[in-house]
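Student: how would this look folded up:
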Amino acid sequence: MAGTQRKPTGPDYGNVPVIASGVIAAFVAITTAVVSTGGAENEFRWQLGLAAGCIAFIVCLATFSLMILAGKPNPDSMGHGSGVNRRFGAEPDARERDQEEPGKD
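Tutor: Sure thing, here's the model as predicted:
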């Protein structure tokens, strides 16, 4: 089965989520470090900025990944074929009710 590879469907985002998360994390890190210093007389709080940047990077990357997964369409083969419940809500051993049955109201 090494020769059978599935072709990816949908857009290829490449490194865009990683780069965007890095830019947002850098902004958060710099802003947090500068704002938390509390003035020119105090020591620069780079540890707090680094921690906030790492958290922002992870949260942004997870959010982008979930949005990409949620936007991916299902393959056409889903919902067709053999099985007990081929469609959501279908009752087992029930006739298909796609067409109206004559004589029933």
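Student: which residues of the chain score low on pLDDT?
Tutor: Scanning the chain for pLDDT under 70 picks out 1-10, 74-105.
Student: buried ones in stretch 33-49, by neighbour count?
Tutor: 33, 37, 45, 49 (16 or more other Cβ atoms under 10 Å). Yep, even glycine has a C-beta here, placed from its N, CA and C like the rest.
Student: stretch 48-66 now?
Tutor: Result for stretch 48-66 [16+ other Cβ under 10 Å]: buried residues 49, 52-53, 56-57, 60-61, 64.
Student: re earlier: and which of the buried residues of stretch 33-49 is nearest to A25?
Tutor: G49 (10.2 Å; Cβ to Cβ).
Student: ok, and what's touching stretch 60-71?
Tutor: 10, 13, 17-18, 20-21, 24-25 (Cβ atoms under 8 Å, 6 or more residues apart in numbering).
Student: ok, 7 Å please
Tutor: The contact list for stretch 60-71 (Cβ atoms under 7 Å, 6 or more residues apart in numbering) reads 13, 17-18, 20-21, 24-25.
Student: which of the residues you listed are buried?
Tutor: 17, 21, 24-25.
Student: and of those, the nearest to K72?
Tutor: Nearest member of the buried ones among the contacts of stretch 60-71 to K72, counting by Cβ to Cβ, is P17, at 13.7 Å.
Student: please, which helix or strand holds the closest one?
Tutor: If you go by DSSP states H and E, P17 is part of helix 16-37.
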